[in-house]
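Participant: next comes the sequence, and after it the predicted model I'd like to discuss.
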Amino acid sequence: MFSFHLYLLHIMTFVYSCKKFNALICFIISNLFIKKIFVIPKLALQIYKRLIDLVSLPAVDAQAAAVGALYNLSEVNMDCRLKLASERWAVDRLLKVIKTPHPVPEVCRKAAMILESLVSEPQNRAHLLAYENAFAEILFSDGRYSDTFARILYELTSRPNNKVAMARGAWGM
């Protein structure tokens, strides 16, 4: 099983380096996670990083495929949500996908659903409170995703873990 995952990582590295077939590799990865094929933690960290890098590409199909794969990852289990939220640029890039009009509205909806699933984990709330203003901005400016971002803000503020997390969100500490 390890050799298969290593082989998949090499394919993904090649595909990412030549910027072709991004949609295909994201589709393969998301199907592996949907079918619950065992993924080694070190490999999973590489997959998250590569998918987040693909979200930032200007190619529409690569963005759509990466968001679809991240959506499937975030729906799998708690560990995926924790690791995805801890990735450095993940939330920023997902917010950028939502704010920038995408030709396929389903991609923006899935990006919003990813953020909603990240907020559902109590361990992620302190990290995501820093984005509270961005969530509120989307809530009031874009009617298409207002219900999703209302749920996100409710989850963030309804049950705070501690006072430090509240201060971090309110003052951007």
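Facilitator: It's in.
Participant: what mean pLDDT does stretch 154-169 get?
Facilitator: Mean per-residue pLDDT for stretch 154-169: 66.
Participant: other residues contacting stretch 150-159?
Facilitator: Outside stretch 150-159, the residues that touch it by CB atoms under 8 Å, 6 or more residues apart in numbering are 112, 115-116, 119-120, 122, 125, 128-129, 132, 135-136, 139, 169. Just so you know, the C-beta spots here come from the backbone N, C-alpha and C atoms, and that holds for glycine as well.
Participant: what's the closest non-adjacent residue to residue 117?
Facilitator: Leaving aside its chain neighbours, residue 117 sits nearest to residue 74 (4.4 Å; criterion: CB to CB, 6 or more residues apart in numbering).
Participant: was I right about that neighbour contacting residue 121?
Facilitator: No: shown here, residue 74 and residue 121 do not form a contact pair, counting by CB atoms under 8 Å, at 9.8 Å.
Participant: what residues of whichever strand or helix holds residue 68 count as buried?
Facilitator: For residue 68, the host element (DSSP states H and E) is helix 60-76. In terms of neighbour count (16 or more other CB atoms under 10 Å), helix 60-76 has its buried residues at 61-74.
Participant: three-state assignment of residue 103?
Facilitator: The three-state label given to residue 103 by DSSP: H, G, I helix; E, B strand; the rest coil is coil.
Participant: OK, contacts around it?
Facilitator: By CB under 8 Å, 6+ apart, the contact set of residue 103 is residue 60.
Participant: next, work out how far apart residue 118 and residue 103 are.
Facilitator: Here residue 118 is placed at a distance of 25 Å from residue 103 (CB to CB, to the nearest Å).
Participant: over to residue 88?
Facilitator: 27 Å.
Participant: check residue 112 too.
Facilitator: In terms of CB to CB, residue 112 sits 16 Å off from residue 103.
Participant: is it true that residue 91 touches residue 131?
Facilitator: Yes: if you go by CB under 8 Å, residue 91 and residue 131 touch, sitting 5.6 Å apart.
Participant: how many neighbours does the nearest residue to residue 78 once chain neighbours are set aside have?
Facilitator: Leaving aside its chain neighbours, residue 78 sits nearest to residue 121 (6.1 Å; criterion: CB to CB, 6+ apart). Residues contacting residue 121 under the criterion other CB atoms under 10 Å number 19.
Participant: please consider this matter closed, and thank you.
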